[in-house]
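Asker: Output the structure for:
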Amino acid sequence: MRRQRSLKIVATLGPASSTYETIKALFEAGADVFRLNMSHSVPPHDDIREKHQIIRDLERDIGRPIGILADLQGPKLRCGVFANEAEDLVEGQDFRFDLDDAAGDAKRVQLPHKEIFEALEPGATLLVNDGKIALKVKDCGDDFANCTVEVAGKISNRKGVNVPDVILPVAALSEKDKGDLEFVCSLGVDWLALSFVQRSEDVTEAREMAAGRAAILSKIEKPAAVDSFDSILEVSDGVMVARGDLGVELPVYAVPPIQKRLIRACRAVGKPVIVATQMMESMIDSPVPTRAEVSDVATAIYEGADAVMLSAESAVGDYANEAVGTMNNVAIQVEQDPNYRKVISASRTRSSATIPEAITVAAREIAETTDIKAICCFTESGSTAVLASREKAFVPIIALTPKVGTARRLALVWGLHTVVTNEVARFKLAVVSAARTARRYNFASEDDKIVVIAGVPFNTPGSTNILRVAPVDEKMIFSAETE
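Answerer: Numbering: from 1, shown residues only. Alright, predicted model coming up:
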C-alpha cells in the first residue's frame with residue numbers, strides 16, 4: 001500500500017483500538033506507526049504483548065514494515081490524598097506541602113517526593129492538576145514548602161504536580177520505566193519515547209540500557225529540556241514536541257515558537273520530529289474536527305515535521321478511524337499546495353559538506369530539475385535514507401534495506417516508503433532491485449527514470465558515495481542480471 005503523502009501519522013493504541021480488525025482499520029486509514037503507552041500498563045504487560053503481536057501479524061499480512069513506538073511513563077509527581085477527597089483552594093490563602101503521610105485538608109497535603117523539597121527555593125511555582133492551580137513558594141526546607149495560592153481551584157487525591165522553575169534531581173527513568181524498557185526492547189519495539197527528559201544524561205542512560213535494540217526518541221515537555229535542547233538532540237535519534245506538559249509549565253503562547261524552533265533544529269541535523277498532543281482532541285467524541293485543529297495539523301506539516309500523533313483520539317475515542325483519515329487528508333491537501341513547496345524549499349538548511357550529504361543533495365536537485373519519478377536509497381543502518389528525507393525532495397523516496405528493523409524504524413521518517421529487500425553485493429544489482437521496486441509499487445513505469453544512491457562497499461553504515469540515474473525498463477534489468 002502506497003501513501004499519497006510524505007507526512008507520517010502515529011496512532012496510539014488503547015481500549016478503542018486493541019483488536020486486529022481495529023488496528024488494521026487504523027493502518028488502512030493512514031497510520032504508519034503505532035504507539036504503545038506504557039503509562040497504563042503494568043507487569044506482566046499482557047496487553048502490550050498482545051498489541052505488539054497484532055501489529056506484527058498485520059505487518060506480515062499486508063507486506064509492509066510498520067513502526068512500533070513504546071512511550072515510557074517517566075516519573076509522575078503527585079500529591080497525596082485528602083480526608084475529604086478534595087478541597088477548594090482560595091486565591092491568597094496559605095497552603096503547605098510536606099512529607100507527612102497523614103490525609104490532607106484545606107491547609108496541607110503530602111507531597112511524597114523528597115527530591116522536590118531539596119531542589120525548591122522561595123519564589124518557585126508549583127502547578128497542580130495540569131496547571132489549573134498555581135502556588136508560589138514562600139519558604140521551604142528539606143521536608144516542606146509553605147506556599148501562597150495564586151490561582152484558585154479544587155485540589156483532590158493524587159493530582160499531578162509540575163515544577164516548571166526548577167531542574168529536579170529526578171531521573172527520567174523510574175524503576176517502573178527501567179522494567180518497562182527491558183520488556184519492550186526484548187519484545188522488539190522500534191522506538192522508545194523517553195518522558196521527563198531534562199538533560200542529555202537522561203537520554204544517554206536510556207540509550208545504554210536499550211543497547212541498540214531500539215532508537216531513542218526524546219519527549220520535550222519540560223522547560224529545562226527546551227533550555228538544553230541542543231545537547232539533548234545531539235544524543236537522541238529523534239524528538240517528540242510534547243505540547244501538553246509544555247503548555248502547562250510554560251505560557252501557552254510560548255509553545256508555538258518553541259515548536260517551530262525545535263522542528264527546524266531537527267530538520268537541520270536530519271533527525272525525525274513528531275508533533276503531539278491534542279491535535280484532533282475534539283474527535284474523541286465528534287466525527288468532525290474543529291477548524292483550529294485542522295489548522296494545527298497543517299501548521300506542523302508546513303513547518304516540516306516528520307510526523308503528527310494522535311493520543312486519546314485513537315486510543316479511547318469514538319472516531320479513531322475518522323481522526324486518522326482526517327490527518328491523512330489534511331496532509332495530502334497541504335502537500336499539494338504550491339506554497340508548501342515554497343515554504344519547505346525556503347527553510348532547507350545547508351549541512352556540512354560530507355560526501356553522503358552532498359550525494360543526497362545532488363539526488364534531490366537532479367530529481368526536481370529533470371523528469372525523475374523516484375529517489376531510491378539503499379541503506380543498511382538507515383542513515384542514507386534519513387539524509388535523503390532531510391532534503392525534503394518533492395518526488396517519492398524509496399528506502400530499500402535488507403534489515404527489517406531498519407525498515408520499521410524508517411517508517412517514522414518523512415517521505416520514506418520503506419521496503420525490505422535482499423542483500424546485494426554490487427551496485428548494478430542494487431539498481432536492478434530499485435527499478436523493480438519502483439515498478440512494483442507504481443512509482444515508475446518502463447519509460448521512466450529513477451535516481452539510485454547507495455554506499456559502496458555495501459553493508460558499511462554511513463558510506464553513501466555513489467549516485468546513478470537509471471532507466472526503468474526490462475532491457476536494463478536483463479543486461480544487469482547477465483553481466
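
Asker: Show me the shaky parts of this structure.
Answerer: Within the chain, the stretches with pLDDT under 70 are 1, 350-352, 474, 476-483.

Asker: Domain parsing of it, as residue ranges.
Answerer: 8-75+171-336, 86-162, 355-482 (automatic domain parsing).

Asker: How far off centre is the first one?
Answerer: Right, domain 8-75+171-336. 4 Å (Cα atoms, centre = their mean, to the nearest Å).

Asker: Please name the residues that touch residue 437.
Answerer: When contacts are counted by Cβ atoms under 8 Å, 6 or more residues apart in numbering, residue 437 is found next to 376, 398, 400, 419, 421, 443. (Each C-beta comes from the backbone N, C-alpha and C, glycine too.)

Asker: can I get the domains of the chain in TSV with distance to residue 2?
Answerer: Formatted as TSV, the domains of the chain follow (distance: least, Cβ to Cβ, whole Å):
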stretch	distance to residue 2
domain 8-75+171-336	9
domain 86-162	40
domain 355-482	5
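
Asker: so which of these gets nearest residue 347?
Answerer: Closest to residue 347 of the domains of the chain is domain 8-75+171-336 (Cβ to Cβ; 6.2 Å).

Asker: Counting neighbours, what do you get for residue 142?
Answerer: Per other Cβ atoms under 10 Å, the neighbour tally for residue 142 reads 9.

Asker: Same question for residue 448.
Answerer: 17.

Asker: Distance check, it against residue 424.
Answerer: Per Cβ to Cβ, to the nearest Å, residue 448 is found 21 Å from residue 424.

Asker: ditto for residue 255
Answerer: In terms of Cβ to Cβ, residue 255 sits 46 Å off from residue 424.

Asker: go on, residue 126?
Answerer: Distance from residue 126 to residue 424, by Cβ to Cβ: 59 Å.

Asker: So between the two, which is more surrounded?
Answerer: Shown here are residue 126 and residue 424; by other Cβ under 10 Å, residue 126 has more neighbours (25 against 19).

Asker: Quick check: phi and psi on the more buried one?
Answerer: phi -110, psi 130 (degrees, to the nearest 10).

Asker: Spatially nearest residue to it, not counting backbone neighbours?
Answerer: Nearest non-adjacent residue to residue 126, counting by Cβ to Cβ, 6 or more residues apart in numbering: residue 135, 4.6 Å away.

Asker: Surely the one you found forms part of a strand?
Answerer: Yes - when DSSP: H, G, I helix; E, B strand; the rest coil is applied, residue 135 is found to be in a strand.

Asker: Quick check: beta-bridge partners of it?
Answerer: Residues in a beta bridge with residue 135, per DSSP bridges, are residue 126, residue 149.

Asker: residue contacts, it?
Answerer: So residue 135 contacts 89, 95, 125, 126, 127, 128, 147, 148, 149, 150 (Cβ under 8 Å, 6+ apart).

Asker: which of the residues you listed lies closest to residue 111?
Answerer: residue 126 (8.4 Å).

Asker: check contacts around that closest one.
Answerer: 97, 134, 135, 136, 137, 145, 147, 161, 162, 163.

Asker: need the strands for the stretch 351-483 of the chain, in chain order.
Answerer: For the stretch 351-483 of the chain, applying DSSP state E, counting those that start in this stretch gives strands covering 372-378, 397-401, 416-420, 449-455, 464-471.

Asker: Any of the contacts of residue 135 buried? List them.
Answerer: 89, 95, 125, 126, 127, 128, 147, 149 (16 or more other Cβ atoms under 10 Å).

Asker: List of residues touching the host helix or strand of residue 118?
Answerer: In the assignment (DSSP states H and E), residue 118 maps to helix 114-119. Here helix 114-119 makes contact (Cβ under 8 Å, 6+ apart) with 77, 97, 99, 111, 140-145, 161, 163, 166-170.

Asker: please redo it, this time with the cut-off set to 7 Å
Answerer: 77, 99, 140-145, 163, 166, 168-170 (Cβ atoms under 7 Å, 6 or more residues apart in numbering).

Asker: Can I get those residues in a markdown table including distance to residue 232?
Answerer: Shown next, in a markdown table, are the contacts of helix 114-119 (distance: Cβ to Cβ, whole Å):
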| residue | distance to residue 232 |
| --- | --- |
| 77 | 20 |
| 99 | 31 |
| 140 | 28 |
| 141 | 32 |
| 142 | 30 |
| 143 | 32 |
| 144 | 32 |
| 145 | 28 |
| 163 | 19 |
| 166 | 18 |
| 168 | 16 |
| 169 | 17 |
| 170 | 16 |
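
Asker: circling back: ranking by neighbours, what's the top pick from the contacts of residue 437?
Answerer: So for those (other Cβ under 10 Å), the most neighbours sit at residue 376, 32 neighbours.

Asker: For it, which non-adjacent residue is closest in space?
Answerer: Residue 376 sits nearest to residue 434 (Cβ to Cβ, 6+ apart), 3.6 Å away.

Asker: Give me the neighbour count for that neighbour.
Answerer: 30.

Asker: Identify the residues contacting it.
Answerer: So residue 434 contacts 376, 398, 400, 450, 452 (Cβ under 7 Å, 6+ apart).

Asker: Contact partners for the second one?
Answerer: Residues touching residue 398, when contacts are defined by Cβ under 7 Å, 6+ apart, comprise 374, 376, 377, 417, 419, 434, 437, 438, 443.

Asker: what are the bridge partners for the residue lying closest to it once chain neighbours are set aside, then?
Answerer: Excluding the flanking residues, the one nearest residue 398 by Cβ to Cβ, 6+ apart is residue 376, at 4.7 Å. Assessed by DSSP bridges, residue 376 has beta-bridge partners residue 398, residue 452.

Asker: Check the contact between residue 376 and residue 399; I expect there is one.
Answerer: No - judged on Cβ atoms under 7 Å, residue 376 makes no contact with residue 399 at a distance of 8.2 Å.

Asker: how many neighbours does residue 121 have?
Answerer: When neighbours are counted by other Cβ under 10 Å, residue 121 comes out with 11.

Asker: can you tell me which of the contacts of residue 437 lies nearest to residue 460?
Answerer: residue 400 (15.7 Å).

Asker: How about the closest one, nearest residue that isn't a chain neighbour?
Answerer: Nearest to residue 400 is residue 421, by Cβ to Cβ, 6+ apart, at 4.6 Å.

Asker: Likewise for residue 362?
Answerer: Nearest one to residue 362, counting by Cβ to Cβ, 6+ apart, is residue 467 at 6.0 Å.

Asker: Equivalent analysis for residue 14, please.
Answerer: The nearest residue in space to residue 14 (Cβ to Cβ, 6+ apart) is residue 315, at 2.8 Å.

Asker: related to what we said a few turns ago, distance check, the residue nearest to residue 398 against residue 386.
Answerer: Applying Cβ to Cβ to residue 376 and residue 386 gives a distance of 15 Å.

Asker: cool, and residue 301?
Answerer: 19 Å.
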